[in-house]
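# Below are the sequence and a predicted model; questions follow.
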Amino acid sequence: MTTRRKFLQLGAVASMASLSKVFGKPARPVSKPVVISTWNFGADANKEAWKILSANGRALDAVEAGARVPEGDPKESSVGLGGLPDRDGRVTLDSCIMDEFANCGAVACLEHIVHPVSVARKVMEKTPHVFLVGAGALKFALDQGFKKENLLTKESEKAWKEWLKTAKYKPVANIENHDTIGIVAVDASQNLSGACTTSGMAYKMQGRVGDSPIIGAALFVDNEVGAATSTGVGEEVIRIVGSHLVVELMRQGNSPQQACELAVGRIVKNQPQKSKEIQVGFLALNKNGEYGAFALQKGFTYAVYSNEVPNKIFEAKSYY
Ligand code: ASP
């Protein structure tokens, strides 16, 4: 077993390739299709995705359908409708989607639309662009026929007003003031896709965008290799372009589990102190249906749906 201290020492001297031999066991190959997604609410998302995957549908359709589940649930206070607002009381949503052809679409700081993942898909399919933000993203969504709605539920408004009494901003690991659904799938034709959607860190500054809508940060898909997604404090994921890193580590021969561990290790190396207080978790899936998960802290759960694993929730191993 490699201790954490040894890992840090190794990190200073060894290349990523040699580090990759130290960690994790390769995951068991499973038959396709497979869908994996972040946190406990991933199980409901997977169920919807599985309807499409088990009927030989496309991974892209499956991940969109899955991501829409927590988006539409007013009781989920970290995604879509009912998401906790920024410090000015505005619910602003971030989302992205990516398919097997490296097509991708994203929206950030989008208000009033329950399903930002579907707007992101429209950006991908109907515009020459990848990323629309703020008022432009809303205008585009309305032009595409999405309905303008109030996303701030009574419960989220109450929580925000309570927060205003002290207005202290400190991301806390594994509590409901942040959490994102990241969902990646490989379909029966062995094609990969992924989606990611969130209301971001509760009580963030107006205009703050996290990792979730950023292709390469919270989501990356390379159909030759695999797909990865992330959750947690987005600023730390952006700094290492986390999901792209995970996919590239798999390309170098690491298992999905090893790739997630190495990416988390990179955050620890960059931010040895801060990494003790925050949560970041990665999920990875390769083209063969092998998957892995790893987080900074205990408590990061994820859901897997495959023929062998009929929608189970697991807790990821963690660095601390
Ligand atoms: N990654 C999200 C963000 O930074 C939040 C989360 O997943 O908890 O906006």
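Received, thanks.

# Can you classify the residue most central in space within the chain as helix, strand or coil?
The centroid of the chain falls nearest to residue 182 when counting by Cα atoms, centre = their mean (3.0 Å). Each residue gets one of three states, and residue 182 gets strand by DSSP: H, G, I helix; E, B strand; the rest coil.

# same deal with residue 61?
helix.

# number of nearby residues for the closest residue to it other than its chain neighbours?
Take residue 61 and drop its neighbours on the chain: the residue closest to it by Cβ to Cβ, 6 or more residues apart in numbering is residue 52, 5.0 Å away. From N, CA and C alone the C-beta is placed, and that goes for glycine too. The burial metric for residue 52, expressed as a neighbour count using other Cβ atoms under 10 Å, is 22.

# Any residue of whichever strand or helix holds residue 52 touching the ligand?
Secondary-structure element containing residue 52, defined by DSSP states H and E: helix 42-53. No - Helix 42-53 stays clear of the ligand (Cβ under 6 Å from any ligand atom), getting no nearer than 12.2 Å.

# Run through who's touching that helix.
The contact list for helix 42-53, computed with Cβ atoms under 8 Å, 6 or more residues apart in numbering, reads 33, 35-37, 57-59, 61-63, 65-70, 73, 181, 183, 185, 187-188, 301-305, 311-313.

# Please list only the buried members of those residues.
Buried members of the contacts of helix 42-53, scored by 16 or more other Cβ atoms under 10 Å, are 33, 35-37, 57-59, 61-63, 65-70, 73, 181, 183, 185, 187, 301-305, 311.

# mind listing which of those are in helices?
Counting by DSSP state H, the part of the buried ones among the contacts of helix 42-53 found in helices is 59, 61, 62, 63, 65, 66, 67, 68, 69, 70.

# Present these as TSV; the columns should include pLDDT and distance to the ligand.
Conversion of those to TSV gives the following (pLDDT from 0 to 100; distance: Cβ to the nearest ligand atom, whole Å):
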residue	pLDDT	distance to the ligand
59	98	22
61	98	24
62	98	21
63	98	16
65	98	20
66	98	16
67	98	13
68	98	17
69	97	16
70	96	12
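
# so how far is residue 88 from residue 167?
Using Cβ to Cβ, to the nearest Å, residue 167 is found at 11 Å from residue 88.

# same thing with residue 133?
17 Å.

# Compare the two and say which one has the larger neighbour count.
Neighbours per residue, other Cβ under 10 Å: of residue 133 and residue 88, the larger number sits with residue 133, 17 against 13.
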